[in-house]
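Asks: No sequence on hand, only this structure:
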Ligand SMILES: O=c1ccn([C@@H]2O[C@H](COP(=O)(O)OP(=O)(O)O[C@H]3O[C@H](CO)[C@@H](O)[C@H](O)[C@H]3O)[C@@H](O)[C@H]2O)c(=O)[nH]1
Ligand SMILES: [Mn+2]
């Protein structure tokens with residue numbers, strides 16, 4: 001430990017009057033807290049392991065501590081046993097039936113069509129396996145609730161030592177990522193920023209960082225506009241309790257804006273702010289032109305000079321011929337070091353310097369009230385705090401020849417630069433299109449982090465909720481089955497997976513440390529093979545009390561050896577020195593005796609008023625291309641590289657170290673974003689996710705290689721994430737089977753006998769009943785469930801297959817996979833919100849589902865015509881094949897609709913064509929195979 005830092009930190013904390021007992025009491029209290037936590041969060045362990053030492057307080061816990069009423073910040077809500085018990089029972093039953101069915105299938109071959117039988121059995125075995133992977137982690141779902149009032153009480157109530165009631169909440173850094181202003185309109189990003197700046201969290205603790213991976217002047221200037229508009233928007237939101245605090249969404253609310261508004265000047269204020277917002281929008285939308293003109297003007301001047309030298313020419317002609325400028329000029333006439341409006345086609349490459357601009361300076365520590373609306377101020381903010389959180393624009397350096405590691409690389413650049421500039425012990429990241437919909441969201445997340453045992457939580461994931469999706473949600477964009485069923489279920493294990501946006505991280509967890517007290521709990525098999533409990537003796541580990549606290553008391557000793565830091569984190573001393581501080585400030589100290597009102601107040605690595613040129617220079621140096629060379633960034637530290645779904649891997653690594661995560665579903669959605677409603681865009685999105693999964697499967701992050709700290713069911717869930725794309729291979733084969741059997745007159749079983757049909761019935765029935773119970777405990781509805789099934793097949797037969805191929809190409813030939821951004825620029829059509837839904841853009845991903853559809857349609861036609869033409873029509877023979885064909889077609893229905901484009905325009909022609917085609921082929925078939933001979937073939941395919 002660098003003595004200089006320890007001295008600095010010591011000064012910050014020891015001088016604080018809250019710590020009357022010095023570090024002694026802090027560490028002691030922390031130790032006690034830790035013992036209690038482990039019981040509180042693992043009640044079953046207390047009993048089974050009989051580690052009564054902690055429970056009985058053998059370390060001499062003062063009695064007043066145990067008797068103190070403890071008001072928790074969060075609660076776990078059990079799912080009613082009336083739903084959960086039958087659910088679990090059904091899972092068991094289905095498991096057994098599936099086992100019996102598969103054995104029966106293997107034993108009863110169809111000798112007439114071994115190929116059909118063999119293919120189908122292999123597929124069924126795989127489906128059974130993948131169902132188990134999907135189902136097992138869903139056995140213990142939970143719900144949770146927070147108590148914001150308690151949080152306020154504990155952290156923001158005036159006490160004798162804190163008479164002003166200054167907030168004791170920890171610092172929070174918000175990251176917003178954007179990469180390409182064409183696909184991610186700056187107006188959307190600006191609105192997201194505004195919603196963050198206006199969120200309800202102590203301003204002096206909140207910092208907002210925008211990562212612009214395109215390094216685009218357009219984004220930069222849009223952010224500057226947003227920063228300036230925030231001066232009006234944020235106090236307005238505070239004054240009138242606006243919700244949501246994203247102006248675009250707020251002004252397009254359909255409901256009455258005047259409801260529940262008490263202040264008399266609301267009408268006037270709203271009208272004014274609406275006008276200001278409209279002007280703001282005009283400015284933002286005018287930016288591309290204004291930037292172009294600026295740069296064109298420069299080039300025009302140059303060109304004209306040249307032309308004048310040659311001969312007299314008309315000015316207008318000259319301006320006409322000017323090419324798009326390469327260099328870009330900022331409004332003040334200086335040269336922009338980033339890229340042009342549209343960064344080079346592939347946003348993940350590009351070539352530009354690192355740029356950091358503090359757009360809103362860190363605020364003062366005490367409230368600053370606005371004026372009375374008279375002197376030039378547009379609105380009356382007399383009793384409103386007009387301070388704004390810090391806002392920083394960051395564009396990491398990009399040079400050819402460096403792997404920039406897509407979004408993960410961008411996030412890591414932010415982790416470092418923010419460590420230098422504000423070092424919030426917590427970090428929340430949002431995609432540019434995901435805005436704060438609930439101004440209390442940050443506080444909700446903080447309840448978990450600050451609660452007892454919260455120091456073992458690496459992240460709090462919020463569900464992704466979407467706007468602007470077609471009401472019938474044709475392509476299951478809401479993804480509710482995942483967000484309300486699977487994620488809730490994981491919450492009952494080690495915690496939800498990280499899904500890339502709307503996630504509150506503990507900074508030290510991102511730094512790759514193990515959770516505190518990590519040696520105490522075993523992982524997967526700890527319940528069966530309890531390891532001897534090793535309580536790290538922090539007290540006996542020598543040196544002075546002070547350094548002990550700073551050495552992250554509960555962390556592993558070797559881990560916290562600061563001499564290894566430069567190798568892991570790179571050469572920035574600023575950064576390295578900020579790490580123990582972030583750890584210390586992230587601790588949930590709220591319930592400690594002796595530190596009554598909470599945690600050490602907001603000391604930052606760099607006190608805000610010192611955020612000077614040298615700090616910014618340091619921040620720039622940590623976002624350079626080479627900074628990560630020979631460090632562990634992306635390997636063990638920060639967002640993990642190597643997959644286009646960096647999110648899943650990053651969360652996985654934390655669970656693998658034994659960290660927990662928590663799922664925070666708030667009554668009012670915490671955040672809201674957009675999703676691609678166009679079929680092609682949606683397919684490309686799931687293609688990227690599936691490719692990421694395949695990448696994970698073929699990497700060291702495969703859950704089969706997980707550590708012992710990973711619980712069994714959690715491991716299965718991660719295994720499922722890596723394996724699901726492979727199901728596509730079997731799915732495609734299976735989708736052709738009904739057609740093949742209709743063509744050949746054979747079926748997957750020798751005869752449709754009672755046993756087979758009974759098994760089929762039970763398997764289908766249990767699936768439906770499970771779905772019903774899932775719907776009950778998760779709160780989704782049947783339509784959402786069905787849409788999910790449909791899209792599972794659509795994605796499964798198209799994108800997932802492509803993903804498997806791409807993944808194999810990467811493994812075998814080393815071909816890198818690019819991150820195709822999802823377009824957020826929605827429909828331009830004012831009259832039709834969902835115009836995007838009907839745009840048909842061709843992609844080769846569509847080929848397999850189209851072929852499946854066609855072949856099945858034709859097969860049905862063939863089957864029918866054969867039966868009609870046969871001397872004694874045996875309709876019953878048709879049934880098996882037709883039934884399964886319909887099953888496939890019903891799933892593909894939304895896909896077919898997508899191909900048809902706008903309602904009523906294309907369908908007729910498509911129907912006519914496919915109809916004609918199907919009839920032609922079936923007639924052909926009949927001509928080749930005259931029914932008189934053919935009718936015998938179907939003989940084996942009989943009802944009992
Ligand atoms: O080189 C890149 C590529 C992407 N991004 C950002 O990453 C985010 C996600 O991209 P998007 O195209 O919107 O992907 P989605 O499929 O909508 O995103 C989901 O899936 C991604 C993983 O594939 C996660 O990163 C996202 O957080 C998650 O919302 C956006 O903010 C981008 O600006 C970058 O910053 N740099
Ligand atoms: Mn997105």
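Replies: Perfect, I can see it now. Predicted, not measured: the structure shown is a model, and the values here were computed from it. Numbering: from 1, shown residues only. Ligands and ions are numbered 1, 2, ... in the order given.

Asks: ok, how many other residues are close to the residue of the stretch 701-850 of the chain found nearest ligand 2?
Replies: Nearest to ligand 2, among the residues of the stretch 701-850 of the chain, is residue 822, at 4.8 Å (CB to the ion). C-beta here means a position set from N, CA and C on the backbone, and glycine is covered the same way. Burial measure for residue 822: 18 neighbouring residues, criterion other CB atoms under 10 Å.

Asks: The host helix or strand of residue 144 - which strands sit beside it in the sheet, and in what orientation?
Replies: Using DSSP states H and E, residue 144 falls within strand 142-146. According to DSSP bridges, strand 142-146 has the following sheet partners: strand 74-78 (antiparallel).

Asks: Other residues contacting the strand it pairs with?
Replies: When contacts are defined by CB atoms under 8 Å, 6 or more residues apart in numbering, strand 74-78 is touched by residues 84, 142, 143, 144, 145, 146, 147, 447, 448, 451.

Asks: Name the nearest of those residues relative to ligand 1.
Replies: Closest to ligand 1 out of those is residue 448 (20.4 Å), distances taken as CB to the nearest ligand atom.

Asks: which other helices and strands contact the helix or strand hosting the closest one?
Replies: Counting by DSSP H and E, the element that carries residue 448 is helix 441-450. Here helix 441-450 touches strand 142-146, helix 148-156, strand 426-431, strand 457-461, strand 503-506, going by 3 or more CB pairs under 8 Å, 6 or more residues apart in numbering; DSSP states H and E.

Asks: Same list, those, but as TSV with mean neighbour count, mean pLDDT and distance to ligand 2 please.
Replies: Formatted as TSV, the helices and strands packed on helix 441-450 follow (neighbours: other CB atoms under 10 Å; pLDDT from 0 to 100; distance: least, CB to the ion, whole Å):
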stretch	mean neighbour count	mean pLDDT	distance to ligand 2
strand 142-146	18	96	25
helix 148-156	17	90	28
strand 426-431	26	98	5
strand 457-461	28	98	15
strand 503-506	28	98	14
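
Asks: Make a markdown table out of these and add distance to residue 894.
Replies: As requested, the helices and strands packed on helix 441-450 are arranged in a markdown table below (distance: least, CB to CB, whole Å):
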| stretch | distance to residue 894 |
| --- | --- |
| strand 142-146 | 30 |
| helix 148-156 | 40 |
| strand 426-431 | 25 |
| strand 457-461 | 28 |
| strand 503-506 | 30 |
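
Asks: Tell me which of these lies nearest to residue 218.
Replies: Among the helices and strands packed on helix 441-450, strand 426-431 comes nearest to residue 218, with 18.1 Å by CB to CB.

Asks: what's the distance between that closest one and the middle of its chain?
Replies: With CA atoms, centre = their mean, to the nearest Å as the basis, strand 426-431 stands 10 Å off its chain's centre.

Asks: ok, back up a step: tell me which residues are up against the strand holding residue 144.
Replies: Strand 142-146 has contacts (CB under 8 Å, 6+ apart) with 73-79, 444, 447-448, 488, 491-492, 662-666.

Asks: circling back to that earlier point, how many degrees apart are the helix holding residue 448 and strand 142-146 in direction?
Replies: 110 degrees (axes from the mean of the first three to the mean of the last three CA atoms, to 10 degrees).

Asks: what angle do helix 441-450 and strand 457-461 make?
Replies: Using the same axes, to 10 degrees: helix 441-450 against strand 457-461 is 150 degrees.

Asks: mind checking pLDDT for residue 538?
Replies: Residue 538 carries a pLDDT value of 37.

Asks: where are the low-confidence patches of the stretch 351-500 of the chain?
Replies: Scanning the stretch 351-500 of the chain with the threshold set as pLDDT under 70 gives 373-377.

Asks: which residues in it form helices?
Replies: With DSSP state H, counting those that start in this stretch as the criterion, the stretch 351-500 of the chain has helices at 406-421, 441-450, 480, 487-491.

Asks: and if you look at the stretch 801-944 of the chain?
Replies: For the stretch 801-944 of the chain, the helices defined by DSSP H, counting those that start in this stretch cover 847-869, 875-900, 907-928, 931-934.

Asks: avg pLDDT for the second one?
Replies: Mean per-residue pLDDT for helix 875-900: 85.

Asks: Return the set of buried residues in it.
Replies: 877-878, 880-882, 884-885, 888-889, 891-892, 894-900 (16 or more other CB atoms under 10 Å).

Asks: any weak-confidence spans in the protein?
Replies: Low-confidence segments of the chain (pLDDT under 70): 1-70, 296-304, 309-328, 339-350, 373-377, 519-560, 589-610, 826-831, 876-877, 903-944.

Asks: Could you rerun that using 50?
Replies: Applying pLDDT under 50 to the chain flags the ranges 1-68, 313-326, 341-349, 521-553, 590-608, 932-944.

Asks: care to break it down by domain?
Replies: Domains of the chain are assigned by the TED database as 148-362+383-520+565-601+610-674, 703-762+781-824+855-928.

Asks: How far off centre is the last one?
Replies: Taking CA atoms, centre = their mean, one finds domain 703-762+781-824+855-928 lying 29 Å from the centre of the chain it belongs to.

Asks: swap in stretch 479-487?
Replies: 12 Å.

Asks: That stretch vs ligand 2: in contact?
Replies: No - with CB under 5 Å from the ion as the criterion, ligand 2 is not reached by stretch 479-487; the gap is at least 11.7 Å.

Asks: And for that stretch, what's in contact with it?
Replies: Applying CB under 8 Å, 6+ apart, the external contacts of stretch 479-487 come out as 137-138, 141, 461, 463-465, 496-497, 663, 665, 717, 774, 778-780, 784-785, 788.

Asks: nearest spatial neighbour of the residue in the stretch 351-500 of the chain positioned nearest to ligand 1, skipping sequence neighbours?
Replies: The stretch 351-500 of the chain approaches ligand 1 most closely through residue 500 (2.3 Å), counting by CB to the nearest ligand atom. Distance criterion CB to CB, 6 or more residues apart in numbering; nearest residue to residue 500, sequence neighbours excluded, is residue 647 at 3.6 Å.

Asks: what separates the one you found from residue 688, distance-wise?
Replies: Using CB to CB, to the nearest Å, we find residue 647 at a distance of 11 Å from residue 688.
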